[in-house]
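Colleague: predicted model, plus sequence, below.
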Amino acid sequence: MKYLLALVIGVAAGYYLGYSDGSAGKPSIVSRVVGKVGGGARTKVSNDVDATMERIESGAKADAKKSGKAP
């Protein structure tokens, strides 16, 4: 019975907070949390293959110049 009461209270609170955010035009709580938590890591994780290859190639050229071996 305690679990059911906790579930009902949780759903009611979530509905109230979600409704107030939605009526104010705010993004959902999930979007805001992901924006805060994952915001710093987004630049490290990328699906841009061309940019990744250019970065790797320029790093390889810079390493070859340091060691005195030209590609």
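Modeller: That came through fine.
Colleague: contact partners of the host helix or strand of residue 18?
Modeller: Under the criterion of DSSP states H and E, residue 18 resides in helix 2-24. Helix 2-24 has contacts (CB atoms under 8 Å, 6 or more residues apart in numbering) with 27-29. Quick note: C-beta positions are derived from backbone N, CA and C, even for glycine.
Colleague: helix or strand right after it?
Modeller: helix 29-37.
Colleague: and that next one with helix 2-24, angle?
Modeller: 80 degrees (axes from the mean of the first three to the mean of the last three CA atoms, to 10 degrees).
Colleague: who touches helix 29-37?
Modeller: Taking CB under 8 Å, 6+ apart as the rule, helix 29-37 contacts 17-18, 21, 26-27.
Colleague: can you redo those as JSON lines with distance to residue 33 and pLDDT?
Modeller: Putting these into JSON lines (distance: CB to CB, whole Å; pLDDT from 0 to 100) gives the following:
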{"residue": "17", "distance to residue 33": "13", "pLDDT": "81"}
{"residue": "18", "distance to residue 33": "13", "pLDDT": "81"}
{"residue": "21", "distance to residue 33": "12", "pLDDT": "75"}
{"residue": "26", "distance to residue 33": "12", "pLDDT": "80"}
{"residue": "27", "distance to residue 33": "10", "pLDDT": "80"}
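Colleague: sketch out the low-pLDDT regions of the chain for me.
Modeller: 38-46, 60-71 (pLDDT under 70).
Colleague: backbone dihedrals for residue 48, please?
Modeller: phi -80, psi 100 (degrees, to the nearest 10).
Colleague: how close does it get to residue 14?
Modeller: The spacing between residue 48 and residue 14, counted by CB to CB, to the nearest Å, is 36 Å.
Colleague: circling back: how far out from the middle of the chain is the helix holding residue 18?
Modeller: When distances are taken as CA atoms, centre = their mean, to the nearest Å, helix 2-24 is centred 25 Å away from the chain's centroid.
Colleague: send the alpha carbons of that helix over as CSV?
Modeller: Written as CSV, here are the backbone C-alpha positions of helix 2-24 (Å, rounded to 0.1, in the frame of the first residue of the first chain):
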residue,chain,number,x,y,z
LYS,A,2,2.9,2.3,0.8
TYR,A,3,4.3,1.8,-2.7
LEU,A,4,1.0,2.6,-4.4
LEU,A,5,0.7,5.8,-2.3
ALA,A,6,4.3,6.8,-3.2
LEU,A,7,3.5,6.1,-6.9
VAL,A,8,0.4,8.2,-6.9
ILE,A,9,2.2,11.1,-5.2
GLY,A,10,5.1,10.9,-7.6
VAL,A,11,2.8,10.8,-10.7
ALA,A,12,0.7,13.7,-9.4
ALA,A,13,3.8,15.8,-8.7
GLY,A,14,5.3,15.0,-12.1
TYR,A,15,2.1,15.8,-13.8
TYR,A,16,1.8,19.2,-12.0
LEU,A,17,5.4,20.1,-12.8
GLY,A,18,5.2,19.0,-16.4
TYR,A,19,1.9,20.8,-16.9
SER,A,20,3.3,24.1,-15.5
ASP,A,21,6.4,23.8,-17.6
GLY,A,22,4.4,23.0,-20.7
SER,A,23,2.0,25.9,-20.2
ALA,A,24,4.9,28.3,-19.8
